[in-house]
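# After the sequence you'll find the predicted model.
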Amino acid sequence: MQYSKFSEQFKSDSGILRLMQDLGEAVNQNTAMQMLGGGNPAAIPAVQQAFRVEMEKMLAAGRAFEDMIGNYDSPQGNHAFIDALATLLSQRFGWRVQPDNIAVTNGSQASFGILFNLFAGQFSPREFRKILFPMTPEYIGYADVGLGDQSIFTANKPLIERLDERTFKYRVDFARLNITDEIGAVCLSRPTNPSGNVVTDDEIGKLHQLTRAADVPLIIDGAYGLPFPGIVFTPATPLWDENIILCLSLSKLGLPGARTGIIVANPEVISQITRSNAIFTLSPGRFGPSLATRLLQNQQLLSLCAETIAPYYRARSRQAIALVHDLMADLPVRIHSSEGAIFLWLWLPELPISSETLYQRLKRRGVLVIAGQHFFPGLNQPWQHRHECLRVTYASEPSQLRRGVEIIATEARRAYSQRRG
Ligand SMILES: Cc1ncc(COP(=O)(O)O)c(C=O)c1O
């Protein structure tokens with residue numbers, strides 16, 4: 001068969017494809033793989049129980065279940081869910097959010113596919129704009145969503161601050177941040193996937209000012225962040241106004257199978273999203289919104305985040321850090337300050353092999369992680385650091401994590417000793 005140029009979009013062996021295939025194969029084949037690669041949230045019993053109860057209530061309540069499966073929602077998304085969310089955001093944070101500030105999508109990956117192509121690409125025959133990531137590493141899933149031949153991304157390197165012998169933190173390098181006419185929007189994940197960094201209130205405030213001055217939107221990817229699922233371990237304030245496009249998701253709350261993304265933005269952006277939903281998907285799925293609406297209305301969702309989800313991941317993060325300190329004590333490994341999300345980002349300075357080779361060796365030994373180089377979308381300059389890092393998920397079973405870190409330590413030790421030998 002012959003395919004159009006559009007098919008070229010899907011030809012390359014993208015990092016996100018490899019990640020999702022690794023994840024899907026291991027889950028479906030139920031192999032003995034140590035799954036430290038994927039972004040699946042942990043199965044937290046109290047959270048799963050809360051969603052089970054919602055489902056049971058739906059099944060017991062007249063025709064609620066039949067309504068959910070039997071009707072399309074409007075292309076903007078489920079009205080009851082949108083109303084409940086608008087009320088919560090305006091009451092809780094004082095944001096001027098009305099229902100016309102919110103749209104639902106089939107997962108925030110789908111939100112980025114639309115948003116990036118709305119704000120970047122060809123604007124006129126002589127004007128091409130890009131999405132700027134003010135700091136990489138950034139989320140692997142952004143890398144391939146741009147339609148067309150030319151890359152729609154550009155990115156900056158961060159400053160690296162050493163917090164102690166074993167810990168570092170990325171900071172936005174404002175001295176090199178330039179929002180030129182070529183930029184259509186600025187985007188960052190907060191907390192950042194993969195590093196677990198939470199860009200500080202001060203940094204986000206500066207980015208907000210700079211984007212307003214340049215008259216481009218600031219897209220904040222809150223897939224792990226605020227107000228939900230709230231997997232944030234440092235003080236951080238959620239921020240929104242009409243220049244900010246806040247992307248949220250129900251996935252990391254524990255509902256990745258429901259494929260529900262949320263966009264909070266000005267009504268003009270929401271209307272673009274609504275139209276694109278209608279054209280590409282008719283309407284977004286109804287399952288996630290139906291499960292979450294009552295939990296938004298009675299504020300149980302935010303309590304679950306604060307009292308169960310955040311403490312759970314904070315404890316898992318501490319365990320994972322202790323494991324790395326313990327099992328890799330003889331290696332020069334450094335960990336990015338774990339401030340949120342569900343990953344440890346390990347930096348192995350001057351690793352004699354690339355992180356890709358290390359990934360391959362680990363996979364052969366039954367450990368799935370993600371090699372660092374995939375997390376630098378838009379960074380068009382060589383940088384050794386990107387070949388020295390690994391992303392390790394700590395949401396997996398504690399026994400898997402220990403076994404996985406043991407094998408990572410063995411393989412890293414082997415790589416370092418080859419250089420010495
Ligand atoms: C930072 C970030 N943004 C967006 C997504 C996409 O999430 P979903 O499409 O499940 O809402 C992910 C998934 O792992 C993520 O890590």
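Okay, I see it. Numbers count the residues shown, from 1 in each chain.
# Can you tell me the SS state at A322?
helix (DSSP: H, G, I helix; E, B strand; the rest coil).
# Quick check: the gap between it and the ligand.
According to C-beta to the nearest ligand atom, to the nearest Å, A322 stands 24 Å off from the ligand. For the C-beta atoms, the positions are set from N, CA and C on the backbone; glycine is no exception.
# do Q21 as well
15 Å.
# In a strand, that residue, correct?
No. Counting by three-state DSSP, Q21 falls outside a strand, being helix.
# could you give the mean pLDDT of the longest helix along the chain?
Using DSSP state H to define each element, the chain has its longest helix at helix 398-420. Averaged over helix 398-420, pLDDT sits at 91.
# Which residues outside that helix are in contact with it?
Under the contact criterion C-beta atoms under 8 Å, 6 or more residues apart in numbering, helix 398-420 has outside partners 34-36, 316, 319-320, 323-324, 327-328, 330-333, 346, 348, 351-353, 357-358, 361-362, 365-367, 369, 390, 392, 394, 396.
# Can you get me a residue count around P229?
30 (other C-beta atoms under 10 Å).
# give me every residue that touches it.
41, 252-254, 305, 309-310.
# Spell out the secondary structure type for it.
Applying three-state DSSP: P229 is coil.
# tell me the pLDDT at V27?
Looking at V27, the pLDDT reads 63.
# Actually, A32.
69.
# Could you do the one 5 residues further on as well?
Here the pLDDT value assigned to G37 is 79.
# Kindly report the same for the one 10 residues further on.
Reading off the per-residue confidence, V47 sits at a pLDDT of 96.
# wait, doesn't it sit right on C305?
No. Applying C-beta atoms under 8 Å as the test, V47 and C305 come out as separate, 9.2 Å apart.
# so what's in contact with the two at the same time?
L253.
# And for T393, nearest residue in space, chain neighbours not counted?
L36 (5.0 Å; C-beta to C-beta, 6 or more residues apart in numbering).
# Can you give me the distance of that neighbour to I408?
Taking C-beta to C-beta, to the nearest Å as the measure, L36 falls 8 Å from I408.
# got any residues that touch both of the two?
367, 369, 392.
# and which of the residues you listed is nearest V172?
V392 (24.1 Å; C-beta to C-beta).
# Spell out which residues belonging to the stretch 1-150 of the chain are near the ligand, please.
Within the stretch 1-150 of the chain, the residues that sit near the ligand (C-beta under 6 Å from any ligand atom) are 39, 107-109, 139, 141.
# same thing but 5 Å
Proximity of the stretch 1-150 of the chain to the ligand, by C-beta under 5 Å from any ligand atom, involves residues 39, 107-109, 139.
# Kindly indicate which of these lies nearest E242.
Using C-beta to C-beta, these come closest to E242 at S108, 19.9 Å.
# State the pair within the residues of the stretch 1-150 of the chain next to the ligand that is farthest apart.
That would be G107 and Y139, which, of those, are the farthest apart (C-beta to C-beta) at 13.1 Å.
# more crowded one of the two?
The residue with more neighbours, out of G107 and Y139, is Y139; 25 against 21, by other C-beta under 10 Å.
# what sits against the closest residue to that one other than its chain neighbours?
Counting by C-beta to C-beta, 6+ apart, N193 is the residue found nearest to Y139 once chain neighbours are left out, at 4.6 Å. Under the criterion of C-beta under 8 Å, 6+ apart, the contact partners of N193 comprise 39, 138-140, 223-224, 341, 343.
# hmm, back to that, list just the nearest of the contacts of P229 to the ligand.
K252 (7.3 Å; C-beta to the nearest ligand atom).
# what's the offset of the helix or strand that contains E268 from the middle of its chain?
If you go by DSSP states H and E, E268 is part of helix 267-281. Here helix 267-281 shows a centroid-to-chain-centroid distance of 22 Å under the convention C-alpha atoms, centre = their mean, to the nearest Å.
# and it, which residues are buried?
Buried residues in helix 267-281, counted by 16 or more other C-beta atoms under 10 Å: 269-270, 272-274, 276-277.
# which stretches of the stretch 1-150 of the chain form helices?
15-29, 45-60, 64-70, 79-93, 108-119 (DSSP state H, counting those that start in this stretch).
# Can I get those in a markdown table including mean neighbour count and distance to R166?
A markdown table is the format used below for the helices of the stretch 1-150 of the chain (neighbours: other C-beta atoms under 10 Å; distance: least, C-beta to C-beta, whole Å):
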| stretch | mean neighbour count | distance to R166 |
| --- | --- | --- |
| helix 15-29 | 14 | 27 |
| helix 45-60 | 14 | 31 |
| helix 64-70 | 13 | 49 |
| helix 79-93 | 18 | 36 |
| helix 108-119 | 22 | 32 |
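# And these: which comes nearest E165?
Among these, helix 15-29 sits nearest to E165 (C-beta to C-beta), with 30.6 Å.
# List the beta-bridge partners for F168.
Beta-bridge partners for F168, by DSSP bridges, are R162, H336.
# Is it in contact with H336, as I believe?
Yes. Between F168 and H336 a contact is recorded at 6.0 Å, counting by C-beta under 8 Å.
# higher neighbour count, those two?
H336 (24 against 21).
# gap between that one and the ligand?
Applying C-beta to the nearest ligand atom, the value for H336 to the ligand is 15 Å.
# give the contact list for that residue.
Neighbours of H336 in contact, by C-beta under 8 Å, 6+ apart: 167-170, 195-197, 344-345, 347.
# any weak-confidence spans in this protein?
12-13, 23, 26-32, 419-421 (pLDDT under 70).
# Now do the helix holding E268: which elements does it pack against?
strand 102-105, helix 108-119, strand 261-264 (3 or more C-beta pairs under 8 Å, 6 or more residues apart in numbering; DSSP states H and E).
# can you rerun that using 6 Å?
Applying 3 or more C-beta pairs under 6 Å, 6 or more residues apart in numbering; DSSP states H and E, we find helix 267-281 packed against strand 102-105.
# Tell me how this protein divides into domains.
Domains of the chain are assigned by automatic domain parsing as 5-47+303-420, 54-299.
# start to end distance for the last one?
Spelled out, it's domain 54-299. Criterion C-alpha to C-alpha, to the nearest Å; first-to-last residue distance in domain 54-299 is 14 Å.
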